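Engineer: 3D model of this:
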Amino acid sequence: MNFDHAPADILDRLTQLRLADAPTHGGRVLSYVYDSGLAELDELAASAIRAVQPVNGLDPTTFTSVAVMEREVIEFARELLGGDTDVVGTVTTGGTESCLLAVKTARDVWRGVGSSARTGTPRLLAPVTVHAAFQKAAHYFGLEIDLVPVGPDGVTAAQDLIDRFDDDVALVVVSAPSYAHAAMDPVVEVAAAAAQRGIACHVDACIGGWVLPFWEGVEPWNFAVTGVTSISADLHKFGYAPKGVSVLLQRGRDRQRAQYFATTRWPGYPVVNPTILGSKSAGPLAAAWAIIQALGTSGLAELAQSCARSTRAVRDVIEGIDGLRIVGNPVGPLVAVAADETVPADRRVDAHHWADQARLHGFLLQLQPSLAQSDGTVLPATTHLTITPVTQSVLGELSTALRSAADEVRGLPAVSAEVALAALPAEVGAALLAPDAPPLTSEQAGGLLAMMGLAEASDGLPDRMAPLLALIGALPSTLTERLLTELIARLVETPR
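Structural biologist: You can find the predicted model right below:
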């Protein structure tokens, strides 16, 4: 057969495209990627994916290897997370799908059937720090989202959640830990109170589930806790599998069956789906299964210990930098860093300027905007760092980069909302902030992105992200969400 392009040429172009990506290995990107530092694990995962490349994960009765691998992954996860034989589960395509399915299950169980059926809108209750996937789930499945303010350190007060319990709450969600601040939510207290009220309690351990079992000094959070009805935990994070693969474990078979969608009411094959996807690659499942087989509990523990050592080292470096502070008391291999407002302005280090400067030293940190909570308090702008086993190989360089970046921006004031808005033409800013401003069209949104210097998003985001984050904080959330939607949508569109 004659191909339009030779396979070798296609792969050469792909190699060139990959050169523009942030590095996925080597510890230079402290978010998004979870590098074990073990090349043999990457090769094992790639070989496992290749072995099941043509397999359709839709039907484990036809492709029985899917059922065996999923069963063994779930059994391993159940034991790791303190579950007994009443805990069953599903391998999903990532944390978002696990969270969506946990909410969908809770909604359907809350609604009930027959004489016990409920009407009205169920409520999803969680701290404001809960992962945004739960906002997506509430949006998709028609629940009211009730986000409870947290303290300035990202810590949730159990009573603040418990006080909002009522008959309309279909699910309360707590995090182990939260992504933004690495704060452990009060799982024991919330789950116990939820059980007394007959409310389901989900623990979002998407980032912590495969590392916290080996972390010292962690409060109870898994299925050993009375009242925990489900847990999500991502294998493509600290399970070191390729994207995307996660597990959702549920206490009780009858409850878990509400997660499924099944129909015979069409002329094709019977459809029975435990997940949102129907046809799906078996590759990530096979890769995760192979890595679990290789590492086992002892291997995961060893990698977690490496993360713990590097996390302590990074925290020591940051705590020694004048003008910066670690937010709260982070649990697990995550750190959130903010400006230290207790020191004079000339010694203060803005967390976003610091992250931008660290990028010039070869390390990508993740900027997180400030957030105004419903009670009027404001969570500060922070910079997030995720520590992985490979971090140990670059600790010296990373430490030097973090210190040098801080020295280079110390005393530089944060970009204010006023300055961010002043970068736009006055009439544009006034129009955007008008309470009765109509929704933006794609053309209008694109024009605004051009004014912000983001018209050519395919060329990458600006080297300095602090001004953009300040603008996000200055504009109404509905507007920034619209602009960011336009920005991402245009990444895959052909320029006109």
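Engineer: rest of the way, CA atoms for contacts and neighbours
Structural biologist: Noted.
Engineer: sort out which residues of stretch 153-173 are buried, please.
Structural biologist: 153-158, 161-162, 165, 168-173 (16 or more other CA atoms under 10 Å).
Engineer: again, but for stretch 131-145
Structural biologist: Quick answer for stretch 131-145 (16+ other CA under 10 Å): His131, Phe134, Gln135, Ala137, Ala138, Leu143, Glu144, Ile145.
Engineer: quick check: the farthest pair among the buried residues of stretch 153-173?
Structural biologist: Asp153 and Asp168 (29.3 Å; CA to CA).
Engineer: before we move on, back to that, ok, of the buried residues of stretch 153-173, which one's closest to Leu475?
Structural biologist: Gly154 (22.8 Å).
Engineer: picking up where we left off before, show me the buried residues of stretch 131-145 that map onto helices.
Structural biologist: Phe134, Gln135, Ala137, Ala138 (DSSP state H).
Engineer: just put these in TSV and tack on pLDDT and distance to Arg78.
Structural biologist: Output for those, formatted as TSV (pLDDT from 0 to 100; distance: CA to CA, whole Å):
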residue	pLDDT	distance to Arg78
Phe134	98	23
Gln135	98	26
Ala137	98	24
Ala138	98	27
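Engineer: where do the helices of the stretch 301-450 of the chain begin and end?
Structural biologist: Listed in chain order, the helices of the stretch 301-450 of the chain (DSSP state H, counting those that start in this stretch) span 351-360, 395-409, 417-422, 426-433, 442-451.
Engineer: so for Pro274, which of those helices sits nearest?
Structural biologist: Of the helices of the stretch 301-450 of the chain, nearest to Pro274 by CA to CA is helix 442-451, at 36.3 Å.
Engineer: next, the buried residues of the closest one.
Structural biologist: For helix 442-451, by 16+ other CA under 10 Å, it's Ser442, Ala445, Gly446, Leu448, Leu449.
Engineer: what does stretch 216-223 give?
Structural biologist: Taking 16+ other CA under 10 Å as the criterion, stretch 216-223 shows Trp221, Asn222, Phe223 as buried.
Engineer: start to end distance for that stretch?
Structural biologist: 18 Å (CA to CA, to the nearest Å).
Engineer: which other residues reach it?
Structural biologist: 81-83, 176, 187-188, 203, 212, 228-231, 331 (CA atoms under 8 Å, 6 or more residues apart in numbering).
Engineer: any quick ChimeraX command for the buried ones out of those residues?
Structural biologist: Only the buried members of these enter the following ChimeraX selection, criterion being 16+ other CA under 10 Å:
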select :81,83,176,187,188,203,212,228,229,230,231,331
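Engineer: which of the contacts of stretch 216-223 fall within helices?
Structural biologist: Val187, Val188.
Engineer: nearest to Ala195 among the contacts of stretch 216-223?
Structural biologist: Val228 (8.1 Å).
Engineer: coming back round to it: and the helices of the stretch 301-450 of the chain, which one averages the lowest pLDDT?
Structural biologist: Ranked by mean pLDDT, the helices of the stretch 301-450 of the chain bottom out at helix 426-433, which scores a mean of 62.
Engineer: show me what contacts Thr92?
Structural biologist: Counted by CA under 8 Å, 6+ apart, Thr92 has contacts Ser98, Val245, Ser246, Val247, Leu248, Thr275.
Engineer: okay, and which of the buried residues of stretch 153-173 map to helices?
Structural biologist: Ala158, Leu161, Ile162.
Engineer: which ones among the contacts of Thr92 are found in helices?
Structural biologist: Short answer: the contacts of Thr92 in helices (DSSP H) are Ser98.
Engineer: Val247: what's its closest spatial neighbour, skipping adjacent residues?
Structural biologist: Nearest non-adjacent residue to Val247, counting by CA to CA, 6 or more residues apart in numbering: Val91, 4.5 Å away.
Engineer: I'd guessed the one you found sits against Leu248; true?
Structural biologist: Yes: Val91 is in contact with Leu248 according to CA atoms under 8 Å; the separation is 6.5 Å.
Engineer: tell me which stretches of the stretch 251-400 of the chain form strands.
Structural biologist: Along the stretch 251-400 of the chain, the stretches classed as strands by DSSP state E, counting those that start in this stretch are 261-263, 271-273, 324-326, 334-339, 366-368, 371-372, 378-379, 382-386.
Engineer: which stretches of the chain have low pLDDT?
Structural biologist: 419-434, 455-461, 496 (pLDDT under 70).
Engineer: domain assignment for it?
Structural biologist: 47-291, 417-491 (automatic domain parsing).
Engineer: can you get me a residue count around the closest residue to Ala313 other than its chain neighbours?
Structural biologist: Setting aside the residues directly before and after it, Ala313 is nearest to Leu395 in space (CA to CA, 6+ apart), at 7.9 Å. Burial of Leu395 is recorded as 16 neighbouring residues (other CA atoms under 10 Å).
Engineer: could you check how far the closest residue in space to Thr24 that isn't next to it in sequence is from Ile488?
Structural biologist: Spatial nearest neighbour of Thr24, excluding adjacent residues (CA to CA, 6+ apart): Val33 at 6.1 Å. Distance from Val33 to Ile488, counting by CA to CA: 20 Å.
Engineer: more neighbours, the two?
Structural biologist: Neighbours were counted for Val33 and for Ile488 using other CA under 10 Å; Val33 has more, 22 against 12.
Engineer: one step back: how about the residue nearest to Thr24, what does it touch?
Structural biologist: Going by CA under 8 Å, 6+ apart, Val33 touches Thr24, His25, Lys237.
Engineer: which residue is the nearest non-sequential neighbour of Gly328?
Structural biologist: Distances taken as CA to CA, 6+ apart place Asp153 nearest to Gly328, at 4.4 Å, with adjacent residues excluded.
Engineer: need the phi and psi values for that neighbour.
Structural biologist: Main-chain dihedrals, Asp153, degrees, to the nearest 10: phi -90, psi 10.
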